[in-house]
Every structure is written in structure tokens, then in C-alpha cells.
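**Student:** Need a 3D model of the following:
(chains A and B)
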There are 2 protein chains.
Amino acid sequence: MTDLILRHVRPMGAAVTDLAVAGGRFAETAPAGAEVIDCGGRILIPGLVEAHTHLDKSLLGLPWYRNEVGPRLIDKITNEREVKVSLGLHPQVQSERQAIQSVGYGTTHIRSHVDVDTHHGLAGVEGVMATREKLAGLVEIEIVAFPQSGMITRPGTVELMDAALEMGVEVVGGLDPCGIDRDPRAHLDAIFGLAEKHGKPVDIHLHEQGALGWFSMEEILTRTRAHGMQGKVTVSHAFCLGAPERAQVTALQEQMAEERIHVVTTAPAATTVPAVKELRAAGILTGSGSDGIRDTWGPYGNGDMLERAMFIGLRNNLRRDDEVELALHICTQGGAEIMEIEGYGIAPGCLADAVLVEGETLAEAVASRAPRKLVLKGGRVTARDGLCVVAAP
Amino acid sequence: MTDLILRHVRPMGAAVTDLAVAGGRFAETAPAGAEVIDCGGRILIPGLVEAHTHLDKSLLGLPWYRNEVGPRLIDKITNEREVKVSLGLHPQVQSERQAIQSVGYGTTHIRSHVDVDTHHGLAGVEGVMATREKLAGLVEIEIVAFPQSGMITRPGTVELMDAALEMGVEVVGGLDPCGIDRDPRAHLDAIFGLAEKHGKPVDIHLHEQGALGWFSMEEILTRTRAHGMQGKVTVSHAFCLGAPERAQVTALQEQMAEERIHVVTTAPAATTVPAVKELRAAGILTGSGSDGIRDTWGPYGNGDMLERAMFIGLRNNLRRDDEVELALHICTQGGAEIMEIEGYGIAPGCLADAVLVEGETLAEAVASRAPRKLVLKGGRVTARDGLCVVAAP
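**Tutor:** So this is what the prediction gives:
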């Protein structure tokens, strides 16, 4: 049933009204016989957008993993590569578990970075591809080929990335051009080369702090210009934009805005982060995501993008209602624009991908993060009372 | 009924066993006829300790408050003083609402700072005192007389603080000796004078950053020595201990450890914060709290001290299981030691103040923050499935 009347609903917190869905899209009127759903005066927002996660890595559904990993980035990368084998981690099963949990929280779209390395080859990509096929109609999954273990220092990885893109992966990933491969030129040339060859956008993890991160960002800017990839490059994390030297950061952000480079922030509390109000003022599209959820990197995370909006609010000191609404906008519209989702929104003509949230206002919905009464994907009910209609494996 | 057998329980995540409660305390054996509660193999931890909140300020249960407050600390203080009147905020009702919500999350002890000012006099203290009497047996509430609007710049406040202590308030509060009163000497002399006069401990809000905060901390140290108040002084927030100049901070922390000054951190994400692992290494007792919950300062917070443990973990980059357990320790034992709670713990002889949490391990309990199956206070069941047995007004 994708013809609906959503009765007693408050679109984006506005006054109570009825909304029609016809053929899976919001419409002026619904066909005769459309199912009527009483929304009890709840707020309707467009589907939450998980614009940065790692579906292949989650340990959801497995016995508790006791984390005793060392403190460095490379400790975590090495540990994970080994633990995937020792636990027999199955990317298809794990990605299905996480995606189904996300649907329960009201997520309708996911961009997942998926590891590509010479150890596991394309097993991760194949697994997540199987999940996205299995869950078609419940949630849309976009895949980024992600060279987590480095590309240049591990010969064969670029070829694997190339093969992943041939298979239908939508986005070229990358990672700390200086910090991991220790060869920023070769790393970035490889990524932008793959992007050009396949006509795909880029989404690069950039954890590098301060001046090192600025250097990598400048190199990304240079290649964005050279390849004419304005609007097609996303930098995830971009911790260097949170550096205390605001004049330098502002100058960099101005260039990023000019080349229409997007930022995805997970708003972590323990590092410098981009300031979302500054990004908005600069005109830089901003999305958000959960990053890893209960994996070998850390125990936290649940896929709730309303909770993520709260994290953005807490990290950016957003207290006023209009500021909290910005955090929510980042977790909905912001991610949707970065992922170029067609027909996103709750206006007539848009796909009926939407979620009922609790509270008197949008800010209360974020602050309370109560279970979602109803989630729709193309007008189909995909979750009720916080639970996806499909059980996890 | 305060005689119990807790069947199939895992104390602090250890192997499944049975625990006995006799006369409201954990015991080797329970009297004949004790009620048997099947704990389903869940983990039992001692009651969560909310060591820093503001029970009189919460807007819980009221229509949504649209926050349009300015960015400065003084904007928030002034706005709140006025809004309390315009909303007709009732400290007794509001504190009861928040305390009951906290019980549902497994909190058994609360230290609440309560505003004392020349505008509202002792209405806040009287209200929270009425609540603590009403909720006796459900949760213990300790009150800090808190000069939120300043003490020296508002003549009459010291006298009100004095009267509050006469009435039975347990702790002398204070606030940014430089930042608010702009007279650190007079502010701190007044506080320590009151503490000496009434033989009460001190708990001072210190938001002052960097060198300003260090200066105030040094002045607190001086007075702690002079008044022989070792072990009786808590500094809440202590943002200055999160300053990047670690050598200076380390030197200060060594002095704090010597004078047995405690720290309470709410682990906010948008400012510098004390590093909890460093505090532990230095031997400084550390507790935590929710701070304001859904008040005129901001929309966030719910009183869940397991969630607070997660915030401590996220802010301090605690990922390993032993590190997450430290965060939980701060939200239980740490606060209990600071508040000098008699008989705290789950060993035989301790008061049966405890909570069942979900998960295979303590770290999972923190990461998942699932509703609490059961909360006990002196062996009495005070909450089930996340809800206090008493309804909020």
C-alpha cells in the first residue's frame, strides 16, 4: 500500500493537517481507498539521512566484544583487520543488522563507507551490496569504496577500488592522504583518477589535525578544481576545520565553498570538529552520520540520527530552538543534498520517505529522541514504535 | 518489603548468583519469607549517583520553552531569573518531576545546587526541601545553596545563604569568583566563612577557562589549606583543567590531590573539560552529574546517569572496556565518595540501593543505556522497566 492519508499530522512542527500520499509520493490528494493512518498530532519530518557510517564493521548481534585495543589510529586499523578474521565477521549479515536497526530509528537513506583492502578484497562491498538488494524498498544504501588500510602502501588496493566501482559502488573513498599512505600526492591522484575514470563523486575521511589537515584540504581543493569536480567532493570529519586558528580556517572554508566541497561531521566530543554554524554561514553543505556503530573501534553508537542531531547540538553548543533545528536539518536535508537524493522532502511530489517524531517542537524531538511511532519509505510503512517491520538476522 | 532475594543476578557483571537483602541492606542471607525477585541474569550495580544537577530549574512537564536566549553566561542567568517569574515556575513541583524521572533511570542519590538570590529568596530551597521530604525512601537529595546570580554584587545574598544553611542545606555553593562577582577574594572568603561557621562542605561551580580558572583554583586551594577543609571541597565543571597547557594543569592537579579537592564533571562537548583518566592517575576523586535538565539554559538532558557515563566516555575518548568502566565508576562510586554516602555499594552490609542494567558487560550497559528493569532504594522497589513507582505531578 503506497497510497495513504496521514491524518492529524504536523509537517515540520506546523499546525495539524492531513497529508496525502499517492503512488509512494506526497500528493495533493490520495486515491480513493487509500489507507488512513492517524498520526495523533505528531510531527512529520523527511526520512533521516545517515550520511556516514560503516555498515560492514558493526558487531551488532554478536557477543560483546571486549575492547583492549591500543590508542593509535594504526592500532585500531590493524586490530580490526585481524579481528574480522578471528570473529568470522560477515559483512552481509552485519550490514543487514545495522541497516534494519537504523530503519527503526527513522533512517531512509544510508551512505556507507565499506572497507576495500588486499586482506579482505571485495568481500565487504559484496556483502553490503547483497544487503542493499535484500532491503530494497526499506532503505536506500549508497556505497563508498573505502581504502581503510591505505592504498599506496598496499599495492593492489587501487585495482580493487577500480573493481568495486565497476561493480556499481557509487562513491570513491579516501583516507588521511598524509597520515596513512604518507604520500598525499599519490593517494589523492589515485582517488581523483578513479573518480574521473568512473564519473563518480568522492568522499574522503580526513582526520588529520591542524596544519596537516589544511595541507591535505588544499590538495583536495587543487584537484577538485583541476578535475572540474565542484559539488562532487565531500570531506568527512574534517577535524582540521575545528582548529583554534580561526582566520586560517575561515580562509580555507571560503575556498571550499567556492569549489562546493561538502562536509560530513559526526560531531565527536573528543577532538576538534568543524563548526556547523560557520559552515552554514560560509555556504558549505553539511551532513552527518553515526560513523562506526558498536565495532572494534569503540562500543558506542546506535544509528539514531535524532541522537546524532543532539550530539551536533551538544558539540556545537546549539541551545536556541533555531540552532537545534539546524542540527536536525544537517541530519535530514543536509545529507540528502550531499547524496543528491532525488525527490527528498515532504512537499507534494516528493517521495514519501518520512518519519513521525515525538514532541511539541522540532527541538523537543531532538532533545527527547523518543521511539519513532512510524517510518515510511516510498509510502510503505517500514517501522512502527521504534522497530523495523523486518526482523534482523 | 525490604527483605529480598535477588535471584539470578550478576553483581557488577560477575557470574550469575543470588543476593540477599535483609532490613534494607545487602546481607549474607535473607530472612524467611523474603520476597524473591528473578533478575533474569541481569547485571546489578549500586544506585546511580547524580552529583550535580539543578532540581529547581527544570521545565519538565511544562509546555515546550522556546529558547531564544543570548550567547553570554550573563544572558542566561538574567533570562532565567525573569522567566522563573513569567512561567510561574514552582521549585517544589519541578524538583519532584525531575527527581522522579531520575529514579526511573536508576538514580538513588542526588546532589542538587539550588538557586539562592535576592529575587527569589529561599523559595527554591524550600521547594526542593519539600520534595526531598515527599520523596524520602525513593531517593536521597542533598542540597547545595547556590548563589547563581552572584553574592557580593547583590547585597543580602550572603545572609540568604546563611539562612539556607540554618534551614538544613548541606553544602555551601559558589560560582566563578572572578567571572560573576568580579571580586574573587570577597566571594571565596564569604563561601569559606559560611562553611566554617556551619561546619559544611563546599561545592563551587568553576566555568572560568584557562589562566583565569587556574587563578581561582589557586585561591580555592589557599583557603582549603587555611580552613583545614581537606576532603571537604568540590569544584564542579573545572573547565580550566582541560586547558591545553598540560604542564601547568598537572602541577595544579597535584596540589588539588594534596588538599583532597574533588572534581565533578558533566563532560560537556563544547568546552574544555578535566581529563578523567588524569584525575584518576592524580588521585583526585571524580563524580558526575546531568547539570541542568531541559531548562532555560538549554533543551538537553534527561537525568540518565548511564547516558552521562557515555558522555564522559565520548568526551574523554574512552573506548576500551576498562575505560568505559571508569566512566561508570565516576557515575556511581565516585559521586558517592564525594557525597560521603554511608553504606554505598553492593557488598553485604551496604544499603540495598541498586539498579539492574541491561547488557553482557558493564561497558555494554553504558553503550546501550536500555531502560532499567528494576531500581531498589533500601531494598524497596522504586522503579520498574524505566518508570518510577510513583507518578510525577
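**Student:** May I have the residues that are in contact with the nearest residue to residue A:64 once chain neighbours are set aside?
**Tutor:** Spatially, and ignoring its direct neighbours in sequence, residue A:64 is nearest to residue B:360 (4.1 Å; Cβ to Cβ, 6 or more residues apart in numbering or on different chains). Where C-beta positions appear, they are placed from N, C-alpha and C, glycine not excepted. Applying Cβ atoms under 8 Å, 6 or more residues apart in numbering or on different chains, we find residue B:360 in contact with A:63-64, B:13.
**Student:** what does the stretch 1-150 of chain A put close to chain B?
**Tutor:** Proximity of the stretch 1-150 of chain A to chain B (Cβ under 8 Å from any Cβ of the partner chain) is limited to residues A:63-64, A:66-69.
**Student:** So what touches stretch A:291-299?
**Tutor:** A:52-54, A:57-60, A:65, A:67, A:69, A:76, A:79-80, A:83, A:98, A:101, A:266, A:268, A:300-303, B:313, B:319, B:321, B:324, B:363-364, B:366-367.
**Student:** Compute the first-to-last residue distance for it.
**Tutor:** End-to-end distance for stretch A:291-299, by Cα to Cα, to the nearest Å: 12 Å.
**Student:** next one: stretch A:50-60
**Tutor:** 17 Å.
**Student:** Give me the mean pLDDT for that stretch.
**Tutor:** What stretch A:50-60 shows for mean pLDDT is 97.
**Student:** Can you tell me how far residue A:362 is from residue A:356?
**Tutor:** Using Cβ to Cβ, to the nearest Å, we find residue A:362 at a distance of 13 Å from residue A:356.
**Student:** Residues that sit against both of these two, list them.
**Tutor:** Residues touching both residue A:362 and residue A:356 (Cβ under 8 Å, 6+ apart): residue A:43.
**Student:** still on that earlier bit, please, a ChimeraX command that selects the buried ones among the residues of the stretch 1-150 of chain A next to chain B?
**Tutor:** Typed into ChimeraX, the line below selects the buried ones among those, using 16 or more other Cβ atoms under 10 Å in any protein chain shown:
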select /A:64,67,69
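**Student:** could the residues of the stretch 1-150 of chain A next to chain B be laid out in a markdown table, adding distance to residue A:157 and pLDDT?
**Tutor:** As requested, these are arranged in a markdown table below (distance: Cβ to Cβ, whole Å; pLDDT from 0 to 100):
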| residue | distance to residue A:157 | pLDDT |
| --- | --- | --- |
| A:63 | 31 | 96 |
| A:64 | 32 | 97 |
| A:66 | 30 | 95 |
| A:67 | 27 | 95 |
| A:68 | 28 | 94 |
| A:69 | 23 | 92 |
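**Student:** Give me the helices and strands touching the strand ranked longest in chain A, please.
**Tutor:** Ranked by number of residues, the top strand in chain A under DSSP state E is strand A:35-46. When contacts are defined as 3 or more Cβ pairs under 8 Å, 6 or more residues apart in numbering or on different chains; DSSP states H and E, strand A:35-46 packs onto strand A:4-11, strand A:354-357, helix A:362-368, strand A:374-377.
**Student:** just so I know, which of these lies nearest residue A:170?
**Tutor:** Of all the helices and strands packed on strand A:35-46, strand A:374-377 sits nearest to residue A:170, with 18.7 Å by Cβ to Cβ.
**Student:** can you pull the buried residues of the one helix or strand in chain A whose mean pLDDT sits lowest?
**Tutor:** For chain A, using mean pLDDT, DSSP states H and E, the weakest element among its helices and strands is helix A:73-86, scoring a mean of 89. Buried residues in helix A:73-86, counted by 16+ other Cβ under 10 Å: A:76-77, A:79-81, A:83-84.
**Student:** what residues does that helix touch?
**Tutor:** Contacts for helix A:73-86 (Cβ under 8 Å, 6+ apart): A:57, A:65, A:69-70, A:89, A:117, A:119-120, A:148-149, A:176, A:179-180, A:207, A:295-297.
**Student:** still on that earlier bit, looking at the contacts of residue B:360, spot the one nearest residue A:371.
**Tutor:** Nearest to residue A:371 among those, counting by Cβ to Cβ, is residue A:64 at 23.6 Å.
**Student:** Settle this for me: that closest one is touching residue B:362, isn't it.
**Tutor:** No - using Cβ atoms under 8 Å, residue A:64 makes no contact with residue B:362, being 10.0 Å away.
**Student:** would you list the helices and strands packed on strand A:35-46 in JSON lines and tack on mean neighbour count and mean pLDDT?
**Tutor:** Converted to JSON lines, those look like this (neighbours: other Cβ atoms under 10 Å in any protein chain shown; pLDDT from 0 to 100):
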{"stretch": "strand A:4-11", "mean neighbour count": "20", "mean pLDDT": "98"}
{"stretch": "strand A:354-357", "mean neighbour count": "26", "mean pLDDT": "98"}
{"stretch": "helix A:362-368", "mean neighbour count": "24", "mean pLDDT": "98"}
{"stretch": "strand A:374-377", "mean neighbour count": "26", "mean pLDDT": "98"}
